[in-house]
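Asks: A predicted structure for the sequence below; I have some questions about it.
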Amino acid sequence: MDMPLTVAQALQQAIQAGLPRAEAQYLLQAVLKCGRSWLISHDTDPLTPAQLERFQDWLVKRLDEVPLAYLVGEKEFFGLRLAVTPDTLIPRPDTEVLVQWALERLAGLTAPRVVDMGTGSGAIALAIAAQRPDAAVHMVDASAGALKVAVGNAERLGLPVQAHLGSWFEPLSGQPPFDLIVSNPPYVAGNDEHLRALRHEPRSALTPEGNGLSDLGHLTQHAPALLVPGGWLLLEHGWDQAESVASLLHERGFGDVSLRRDLGGQPRVTGGCWAGARRADGR
Ligand code: GLN
């Protein structure tokens, strides 16, 4: 039988095992369901056996690079507290740039129609819905597990968003056109070495395999059928894909093609406006 450990001893154990102090404190706060100041002022409190077991389980997983968000089961995005599971990608702060741009596009519209393609935890759709209560926000995902998480988040936050299960535009047939289509699709190239570090996240949400451009291409190709004239398509992409995405948009007949950079200054979101006119070759 292990001796009960105090808060300070558990922290020390985690730090000695290789965890940064801030992460050890964050996990311990989640185990004890307490805030930072409580933790700091209760150094000598013992952990219950159940708390210690959970903390040590998380420690082992964290040392295997399981993201903190999966351990504690949530991640903050655009001021919203979202549940995440290994069925969903963990929302990244960089994606807030896409939300900002989406909100700017919607600024002049009343009761706009918006759809988030490949919504995962629902991060983009719910951030937009929270900022624009008048918008009709839809979210699509091909993963039933992910869509369940997104719907749970919408319910917990009290945000009325419509969920559709299926591959890209398939479940939207019969929908009236949208003012705005947004997506953070899988775009990492199949042989990108970063996938190793991201191995605990769903691979199908990170990469379409190949050069990473196939889903971005699919979305660009099919979005016009569901956009109102003057509607916008905004796509998140990899730091080195901006030119390829801009070409896809130009070739499909989008105008006003432009780029936004992420918080680290990298090209991250490219968008274009669908004027409604077809090209002379009928595409
Ligand atoms: N931005 C994520 C990453 O590289 C990838 C997200 C995605 O593929 N949509 O960590």
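Replies: Sure thing, it's come through. Since the model is a prediction, treat every value here as computed from it, not as a measurement. Numbering: from 1, shown residues only.

Asks: Quick one: name the residues of this structure near the ligand.
Replies: Arg92, Asn184, Pro185, Pro186, Tyr187, Val188, His194, Leu198, Leu206 (CB under 6 Å from any ligand atom). C-beta coordinates here come from the backbone N, C-alpha and C atoms, glycine included.

Asks: closest to Val99 among those?
Replies: Asn184 (9.9 Å; CB to CB).

Asks: tell me the pLDDT at the closest one?
Replies: Note for Asn184: predicted pLDDT of 98.

Asks: which residues touch it?
Replies: Leu89, Thr95, Leu98, Gly118, Gly120, Ile124, Glu236 (CB atoms under 8 Å, 6 or more residues apart in numbering).

Asks: and these, which of them are in helices?
Replies: Those of the contacts of Asn184 mapping onto helices are Leu98, Ile124, per DSSP state H.

Asks: Which positions in stretch 225-239 come out as buried?
Replies: Using 16 or more other CB atoms under 10 Å as the test for burial, stretch 225-239 gives Leu226, Leu227, Val228, Gly231, Trp232, Leu233, Leu234, Leu235, Glu236, His237, Gly238.

Asks: got it, and stretch 104-119?
Replies: Arg105, Leu106, Leu109, Pro112, Arg113, Val114, Val115, Asp116, Met117, Gly118, Thr119.

Asks: ok, now stretch 142-155?
Replies: In stretch 142-155, counting by 16+ other CB under 10 Å, buried: Ala142, Ser143, Ala146, Leu147, Lys148, Val149, Ala150, Val151, Asn153, Ala154.

Asks: any residues touching it, and which ones?
Replies: Under CB under 8 Å, 6+ apart, the answer for stretch 142-155 is 80, 82-85, 87-88, 118-122, 125-126, 129, 139, 141, 160-161, 163, 165-168, 202, 204-205.

Asks: Restricted to buried residues, select those in PyMOL.
Replies: Here is the PyMOL selection string for the buried members of the contacts of stretch 142-155, based on 16+ other CB under 10 Å:
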select buried, resi 80+82+83+84+85+87+88+118+119+120+121+122+125+126+129+139+141+161+163+168+202+205
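
Asks: Compare the residues of the chain next to the ligand and tell me which has the most neighbours.
Replies: Asn184 (26 neighbours; other CB atoms under 10 Å).

Asks: Phi and psi next, for that residue.
Replies: Backbone torsions for Asn184, taken as degrees, to the nearest 10, come to phi -120, psi 80.

Asks: Show me where the stretch 1-150 of the chain has its strands.
Replies: Here the stretch 1-150 of the chain has its strands, by DSSP state E, counting those that start in this stretch, at 74-77, 80-83, 113-117, 136-141.

Asks: Sketch out the low-pLDDT regions of the stretch 51-200 of the chain for me.
Replies: Across the stretch 51-200 of the chain, nothing is flagged by pLDDT under 70.

Asks: circling back to that earlier point, give me the subset of the residues of the chain next to the ligand lying in helices.
Replies: Using DSSP H, the residues of the chain next to the ligand in helices are His194, Leu206.

Asks: ok so, going back, which one of the contacts of Asn184 is nearest Asp215?
Replies: Gly118 (7.6 Å).

Asks: The closest one contacts Pro208, correct?
Replies: No - using CB atoms under 8 Å, Gly118 makes no contact with Pro208, being 10.4 Å away.

Asks: what do the two both touch?
Replies: Joint contacts of Gly118 and Pro208 (CB under 8 Å, 6+ apart) are Pro185, Pro186, Asp215.
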